[in-house]
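Trainee: When you get a sec, could you give me coordinates for this:
(one chain, ligands or ions: 1)
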Amino acid sequence: MSDDLLTASGIEVTYGGRRTLSGQRVDGVKVLHGVDISIRRGETIGIVGESGSGKTTLGRALLKLIDISSGSICFDGTDITHLPDTRMRPLRRRMQMIFQDPMASLNPRHTIRRILVEPLLLHGVAKDAKAAERRVSTILERVTLPQSCLDRNPHELSGGQRQRIGIARAALLEPDFVLADEIVSGLDVSTQAQVLNLLKELSTDLGLSMAFISHDLSVIRAICNRVYVMRNGLVVEEGPCDRVFADPASGYTRMLLDAIPLPEVDPEWLGRGMESDERKTPPQPSPQGGGS
Ligand SMILES: Nc1ncnc2c1ncn2[C@@H]1O[C@H](COP(=O)(O)OP(=O)(O)OP(=O)(O)O)[C@@H](O)[C@H]1O
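Mentor: Purely as a prediction, here's the structure:
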């Protein structure tokens, strides 16, 4: 069995290309220009880069949520590049996504119970509603939410609670791979820390592979083993976080690091030691807002 769970080679994505009714081809805009990326089993990689560099597009391409115009994608030994929907369906359960804005991904008219129970039944992970409810109750405890959340609608929860529901929904389906796209950028710093901690624990417990998209370098450093740095639809640097942050090979990565001084990170909540000189860096607000 290969160490790699997910590999993608030469990924190109073009938005807006089409054929007119008269058969003429209208060129679109190419936003990924041949990206190679691999994610090993049990590994968390970061994808970082300035706004518009193509992080979200790459993430969606990896999950086959958008079409690629060139390249290939392999998941757990299966070439999924041209896999038809029927054969892709069982793999979709194993490749989950957690979104930046849970309000946009959780149906506002459904209770949390329905939001969590339905996918379990749809994917056949639980054999009946009773078994599904048992699983949901257990995962709620795991993400430290009270059972009373089950009868609420998404808008009745806080942002941090909603993000925990997003994590619970992904984890319930027992995925092998989770893509997390800017999932803490809308949260305050202490809630960010709690959500990141939870995700880190879950990924270890469940042996998940994760790709973590963020424009926030401190978040990437806190949670990832390796990092891919993107610019203008290309990977300009890839390597272990420790090396890339301490000694970036690309001038662009150095510029990103200079532009966004790393804030002080409390090693208690990250469960990770830091060098004493890094700890002297004062906390700095990120000058970049928004995200994917
Ligand atoms: N559906 C779409 N149609 C057309 N162009 C798009 C679409 N989605 C993204 N783009 C363009 O593709 C490029 C890459 O966007 P993408 O969202 O992947 O970047 P990003 O690095 O995730 O940026 P951000 O951090 O701001 O979310 C941008 O120029 C964007 O405007």
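Trainee: Okay, the residue nearest to the spatial centre of the chain and the ligand: tell me how far apart.
Mentor: Residue closest to the mean C-alpha point of the chain, counted by CA atoms, centre = their mean, is A180 at 1.6 Å. Relative to the ligand, A180 is positioned 13 Å away (CB to the nearest ligand atom, to the nearest Å). Glycine gets a C-beta too; all of them are placed from N, C-alpha and C.
Trainee: check contacts around that residue.
Mentor: 97-98, 199, 210-213 (CB atoms under 8 Å, 6 or more residues apart in numbering).
Trainee: What of V31?
Mentor: By CB under 8 Å, 6+ apart, V31 lies in contact with 13-15, 54, 57, 233.
Trainee: Could you take the residues you listed and lay them out as a markdown table, with extra columns for pLDDT and neighbour count?
Mentor: Listed next are these as a markdown table, based on pLDDT from 0 to 100; neighbours: other CB atoms under 10 Å:
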| residue | pLDDT | neighbour count |
| --- | --- | --- |
| V13 | 96 | 23 |
| T14 | 95 | 16 |
| Y15 | 93 | 12 |
| G54 | 96 | 23 |
| T57 | 97 | 22 |
| G233 | 97 | 21 |
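Trainee: ok, and which of those residues reach the ligand?
Mentor: Subset of these in contact with the ligand: 15, 54, 57, counting by CB under 6 Å from any ligand atom.
Trainee: what does the stretch 1-150 of the chain have sitting close to the ligand?
Mentor: By the criterion of CB under 6 Å from any ligand atom, the positions of the stretch 1-150 of the chain lying close to the ligand are 15-16, 31, 49, 51-57.
Trainee: min pLDDT across these, which one?
Mentor: Among these, G16 has the lowest pLDDT, at 87.
Trainee: where do the strands sit along the stretch 1-150 of the chain?
Mentor: For the stretch 1-150 of the chain, the strands defined by DSSP state E, counting those that start in this stretch cover 4-15, 18-19, 25-26, 29-40, 44-49, 70-75, 78-79, 95-98.
Trainee: Okay, now the unreliable bits of this protein?
Mentor: Applying pLDDT under 70 to the chain flags the ranges 260-292.
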